[in-house]
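K.L.:
with the sequence up front, the predicted model follows.
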Amino acid sequence: MTHEKTTPAIELINVSRRFLTPTGKSLTALRDFTMTVERGEFVAVVGPTGCGKSTTLNLVTGLASPSAGEVRVMGAPVKGIDPRIGFVFQSDALFPWRNVIENVMAGPLFRGRANSDATAAARDWLARVGLSRFEQHYPHQLSGGMRKRVALAQTFINGPEILLMDEPFSALDVQTRVLMHEELLRLWSEAKASVVFVTHDLEEAIALADKVYVLTAGPATVKSVYTIDLPRPRVVADIRYEQSFIDYSRTIWADLKEEVETSYARAAA
Amino acid sequence: MTDAAIDISAGAFRPGTSDAEIEAAAAKAARHRRRTVIFWRVAILVAFLGMWEIAARQAWIDPFFYAMPSTIAQRLYEWTTEGTSEGPLWYHLYVTMEEAVIGFVTGSVIGIIIGVALGRNRMAADIFSIYIKVINSIPRVVLAPIFIMILGLGLASKVALAFVMVFFVVFHNAFQGVREADRAMIANARILGASNWQLTRSVIVPSAMSWIFASLHVSFGFAIIGAIVGEFVGSRYGIGLLINIAKGSFDAAGMYAAIVIVMVVALGAEYLMTMVEDRLAKWRPQPLHETQ
């Protein structure tokens, strides 16, 4: 058992992933991609738009399988959808015909828990994200930030050991986004999950993560890895004015900028 | 640094721009608009019927073919109080409605089931799509004589015709609705732990529901068409039979009276359907202000 505890939460070993385009051509999204996420670690992945960041997450969930290489979760190869994984989507993935509490209850009910049990758990999670008063509201009646909090509660209620986030806050305004960062760090420190957070926002990545992976322009592979040694707990709203944050930001941006420019030049060509 | 913040003193409302006044003005405008809409609706109906009546009485159009509103109203009155030459009007209406409703319910239930099943199974959809296209290309009314030959003059042949009218419309929309279900929502449900059956029942079908409802609105009308066309071709009872008999005796007023009855029934059904849909779709966003 001690051996199991020490295996990393997620390992991607020399993974490649190719797609077939509608015209039948092969397109490489990931090439020789290697990444390790330790248990309880918060990893951010940044890279130019459309480089294949999201593909890495789909490989970990089991929604997609690698064309070459190996993906391991908790030391075992990925076979199908792992119940220990939670996923927060970029787009709104709530069920619009269910009200807030029914949305949060969905996971436990799908997994066969009793209705009363699921309701109690959902109430608890809605209280934790501060939405107790909105139990009976439908998603369309909520603001973007509130919908994201419902999505967080919907994911955290399943008690995921691994949390995958695909640009979850990119659609929110800047002020709401900072509040959501605080919310996420609080939930994460309580839940002790391992997190992979995909984003194109470098400051968001530095403010949240223990490690930042910089990817190359597609086909994506790891360009460099930075360890972010900022003390926790962090106050996201203030941390960006600290000198060490600015230094990290400058160093990593210099690295990322080349890839962004390559990607831009290709798109323009 | 203190200069960076500019002091903004609170401005006063101009007269007539307070919240209460704006709301009152908006409510008044809405009432006025609503009254105008109703007025013109009634005015156009009255003008149309009036022109028809006058044109027929002045013999600008031949009342033998075109009848006139007053004789149609009189025929309707006779039918409701004394019954038709073929027995009580209510019984004919009941027969037609029975055929239409049975055809509508069976057609839409089976259309939804097969639409969802094929929408979820790409292989089956690829295999069967060609047959569905072929059968769908048959104009439905030409099946009427065949059904009557096989199933007889009674209920079964009309139900079968109403069924084929409804089935394809509902099937197509259910199938399309399933195909259009949001990818992220499906992935979300699967990661939250939904099995295939749970996914179909609690994500795919609800998200296809607005497509399905759109088809149900038109398809009750189609069910009535199926029932009436079936009755034209051969039957002992029904509104279609009344129209057929009126045609045979050159009774224009009778034909129009039957059409009026079908119109009223179809409008009623449409109203009922909208009510059911509004109840089921209470999760959908409402527009900020109604223009109706």
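P.N.:
Now that the structure is in, tell me what you want to look at. Computed from a predicted structure; not experimentally measured.
K.L.:
now the helices for the stretch 1-150 of chain A?
P.N.:
Using DSSP state H, counting those that start in this stretch, the helices found in the stretch 1-150 of chain A span residues A:2-6, A:53-61, A:100-110, A:115-128, A:144-156.
K.L.:
contacts for the strand or helix carrying residue B:127?
P.N.:
Per DSSP states H and E: residue B:127 is located in helix B:122-136. Contacts with helix B:122-136, where a contact means Cβ atoms under 8 Å, 6 or more residues apart in numbering or on different chains, come from B:117-119, B:168, B:171, B:175. From N, CA and C alone the C-beta is placed, and that goes for glycine too.
K.L.:
C-terminal to it, what's the next element?
P.N.:
By DSSP H and E, the next helix or strand past helix B:122-136 is helix B:143-151.
K.L.:
restricting to C-alpha, output that next one in CSV.
P.N.:
Extracted C-alpha coordinates of helix B:143-151, given in CSV (Å, rounded to 0.1, in the frame of the first residue of the first chain):
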residue,chain,number,x,y,z
LEU,B,143,-51.4,5.0,-49.1
ALA,B,144,-55.0,5.7,-48.2
PRO,B,145,-56.6,3.4,-50.7
ILE,B,146,-54.1,0.7,-49.8
PHE,B,147,-54.8,0.9,-46.1
ILE,B,148,-58.5,0.9,-46.8
MET,B,149,-58.2,-2.2,-49.0
ILE,B,150,-56.2,-4.0,-46.4
LEU,B,151,-57.7,-2.7,-43.1
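K.L.:
what is the orientation angle of it with helix B:122-136?
P.N.:
Put simply, helix B:143-151 runs at 100 degrees to helix B:122-136, going by axes from the mean of the first three to the mean of the last three Cα atoms, to 10 degrees.
K.L.:
rewinding a little: list the buried ones in the helix holding residue B:127?
P.N.:
Judged by neighbour count using 16 or more other Cβ atoms under 10 Å in any protein chain shown, the buried positions of helix B:122-136 are B:125, B:132.
K.L.:
got it, and stretch B:90-107?
P.N.:
Those would be B:92-93, B:95-107, for stretch B:90-107 by 16+ other Cβ under 10 Å.
K.L.:
cross those against helices and list the overlap.
P.N.:
B:92-93, B:95-107 (DSSP state H).
K.L.:
among those residues, which one sits closest to chain A?
P.N.:
residue B:105 (23.1 Å; Cβ to the nearest Cβ).
K.L.:
for the residue nearest in space to the middle of chain B, grab phi and psi.
P.N.:
Nearest residue to the geometric centre of chain B (Cα atoms, centre = their mean): residue B:217, 3.3 Å. Per-residue torsions, residue B:217: phi -60, psi -50 (degrees, to the nearest 10).
K.L.:
surely it touches residue B:270?
P.N.:
Yes: Residue B:217 is within contact range of residue B:270, at 6.6 Å (criterion: Cβ atoms under 8 Å).
K.L.:
below-threshold pLDDT in chain A: ranges please.
P.N.:
When residues are selected by pLDDT under 70, those of chain A lie in A:1-5.
K.L.:
helix, strand or coil: sort out residue B:17 for me.
P.N.:
Secondary structure, DSSP: H, G, I helix; E, B strand; the rest coil: residue B:17 is coil.
K.L.:
what's the answer for residue A:197, then?
P.N.:
Under three-state DSSP, residue A:197 comes out as strand.
K.L.:
beta partners of it?
P.N.:
Counting by DSSP bridges, residue A:197 forms beta bridges with residue A:44, residue A:165.
K.L.:
my guess is it contacts residue A:209. True?
P.N.:
Yes: applying Cβ under 8 Å as the test, residue A:197 and residue A:209 come out as touching, 6.4 Å apart.
K.L.:
in the helix ranked longest in chain A, what's buried?
P.N.:
With secondary structure taken from DSSP H, chain A has its longest helix at helix A:243-268. Of the residues in helix A:243-268, A:245, A:248-249, A:252, A:256, A:259-260, A:263 count as buried by neighbour count, 16+ other Cβ under 10 Å.
K.L.:
what do you get for stretch B:51-68?
P.N.:
B:52-53, B:56, B:63, B:67-68.
K.L.:
and that stretch, C-alpha only, in PDB?
P.N.:
Output of stretch B:51-68 as PDB, limited to C-alpha atoms (Å, rounded to 0.1, in the frame of the first residue of the first chain):
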ATOM      1  CA  MET B  51     -66.900  41.200 -48.000                       C
ATOM      2  CA  TRP B  52     -67.600  37.500 -48.600                       C
ATOM      3  CA  GLU B  53     -71.200  37.900 -47.600                       C
ATOM      4  CA  ILE B  54     -71.700  41.000 -49.700                       C
ATOM      5  CA  ALA B  55     -69.900  39.600 -52.700                       C
ATOM      6  CA  ALA B  56     -72.100  36.500 -52.600                       C
ATOM      7  CA  ARG B  57     -75.300  38.400 -52.100                       C
ATOM      8  CA  GLN B  58     -74.500  40.800 -54.900                       C
ATOM      9  CA  ALA B  59     -73.700  37.800 -57.100                       C
ATOM     10  CA  TRP B  60     -70.100  39.000 -57.700                       C
ATOM     11  CA  ILE B  61     -69.100  35.500 -56.800                       C
ATOM     12  CA  ASP B  62     -71.400  32.500 -57.300                       C
ATOM     13  CA  PRO B  63     -72.900  31.500 -53.900                       C
ATOM     14  CA  PHE B  64     -73.500  28.100 -55.400                       C
ATOM     15  CA  PHE B  65     -69.800  27.400 -55.300                       C
ATOM     16  CA  TYR B  66     -68.600  29.800 -52.600                       C
ATOM     17  CA  ALA B  67     -71.600  29.800 -50.200                       C
ATOM     18  CA  MET B  68     -71.600  32.700 -47.800                       C
END
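K.L.:
fine by me, thanks again.
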